[in-house]
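[1] Task: produce atomic coordinates for the following.
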Amino acid sequence: MDFRTKVNIGSPGFAIPPFEQMLFVGSCFADNIGSRFLDYKFKATVNPYGVMYNPASILHTVRKTDVAPHVAVLTLGTNHVYILNSTGEIVDNCAKRPHRLFTERELTVDECFDYLSEAVDILVSRYAGVKVIVTVSPIRYAKYGFHGSALSKAVLLLAADRLVCRYPDIVVYFPAYEIVNDELRDYRFYAADMLHPSEQAVDYIWEVFSYTFFSDEAKRFVAEWQPIKKALEHKPFNPESEEYRLFMEKTRQNIAKLETKYPDLACSRE
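    Numbers count the residues shown, from 1 in each chain. From the prediction side, this is the model:
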């Protein structure tokens with residue numbers, strides 16, 4: 001007997017090797033997942049111009065950055081945008097300026113698709129073999145009302161689906177939204193605000209993501225780096241003790257062994 005509805009994910013048709021050049025752009029969920037890649041020594045650029053919630057702002061970041069990733073992860077948060085009245089331009093951040101200076105509106109499915117398509121085209125122009133993973137953030141926006149939040153996510157889901165159909169050999173969809181709302185359908189997987197996924201939920205999504213996309217070599221490296229990562233994060237009771245000195249010396253030896261096995265690790269630490 002199965003007491004939950006598990007989200008089944010097919011093969012993406014490509015695998016991410018260790019230390020891959022990656023770009024994460026999108027909502028704070030992109031920050032959460034992108035930080036895991038940095039922790040595991042991937043060459044990841046994560047929201048270089050800050051969090052970008054809507055497809056137009058995601059495009060703005062892709063235009064501005066000069067990164068040519070082999071894999072890009074675009075995380076869609078909302079279809080709501082703010083337009084600066086004096087210029088008619090969509091802004092990425094209101095910078096705490098008075099609300100009267102802006103007009104809020106919702107992007108249509110077509111507009112979301114067009115912005116995302118341009119972002120993909122730019123990434124392809126920089127690296128022809130790029131793979132793009134698009135996902136919809138599971139974070140709900142209470143300020144829209146829960147029905148309004150659901151409608152916003154529906155627009156993004158439709159745009160993401162069109163994007164996959166338009167670029168079948170480049171773009172794949174990762175169901176983070178569905179994993180949280182269907183597979184982890186319980187408030188124990190939410191933070192105290194009952195809107196954001198908890199750390200445990202983010203950990204689970206990371207596990208599913210890595211299982212889905214990582215090459216065998218990347219999975220082996222992550223498993224080997226994990227105990228070293230924990231050792232480096234350890235906060236000693238007495239950092240001057242001989243015991244801690246020996247502990248760190250052993251950790252340095254383990255890192256050196258891994259650098260011999262994975263030369264790119266040494267490069268990532270420079």
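[2] number of nearby residues for G50?
    G50 has 10 neighbouring residues, counting by other Cβ atoms under 10 Å. Glycine gets a C-beta too; all of them are placed from N, C-alpha and C.
[3] And it, how close does it get to N93?
    6 Å (Cβ to Cβ, to the nearest Å).
[4] before we move on, what about I83?
    Distance of I83 to N93, computed by Cβ to Cβ: 13 Å.
[5] okay, the two: which has more neighbours?
    Neighbour comparison, I83 and N93: the larger count goes to I83, with 16 against 13 (by other Cβ under 10 Å).
[6] Assumed that one was part of a helix.
    No: going by DSSP: H, G, I helix; E, B strand; the rest coil, the assignment for I83 is strand, not a helix.
[7] and it, what does it touch?
    Residues near I83 by Cβ atoms under 8 Å, 6 or more residues apart in numbering: 89-91, 102-105.
[8] One more pass at 10 Å, please.
    Contact partners of I83, counting by Cβ atoms under 10 Å, 6 or more residues apart in numbering, are 56, 89-91, 101-105.
[9] Spatially, what comes nearest to the residue nearest the centre of the chain if we skip its sequence neighbours?
    With distances taken as Cα atoms, centre = their mean, the residue of the chain nearest its centroid is A30 (3.0 Å). Closest residue in space to A30, ignoring its immediate chain neighbours: T75 at 3.9 Å, by Cβ to Cβ, 6 or more residues apart in numbering.
[10] Report pLDDT for the one you found.
    For T75, the model assigns a pLDDT of 96.
[11] Is it in a helix, a strand, or coil?
    Strictly by three-state DSSP, T75 counts as strand.
[12] Wait, it touches S57, no?
    No: using Cβ atoms under 10 Å, T75 is not in contact with S57, being 11.6 Å away.
[13] anything in contact with each of these two?
    25-27, 51.
[14] Quick check: which ranges of the stretch 51-200 of the chain have low pLDDT?
    Applying pLDDT under 70 to the stretch 51-200 of the chain picks out no residues at all.
[15] mind listing the strands for it?
    71-76, 80-84, 89-91, 102-106, 131-136, 171-173 (DSSP state E, counting those that start in this stretch).
[16] Between the ones you listed, which one is closest to T251.
    Distance to T251, taken as Cβ to Cβ, is lowest for strand 71-76 among the strands of the stretch 51-200 of the chain, at 29.6 Å.
[17] What pairs with the closest one, parallel or antiparallel?
    Using DSSP bridges, the strands paired with strand 71-76 are strand 21-26 (parallel), strand 131-136 (parallel).
[18] gap between the residue lying closest to R126 once chain neighbours are set aside and E111?
    Sequence neighbours aside, A68 is the residue nearest to R126 in space, at 3.8 Å (criterion: Cβ to Cβ, 6+ apart). According to Cβ to Cβ, A68 and E111 sit 26 Å apart.
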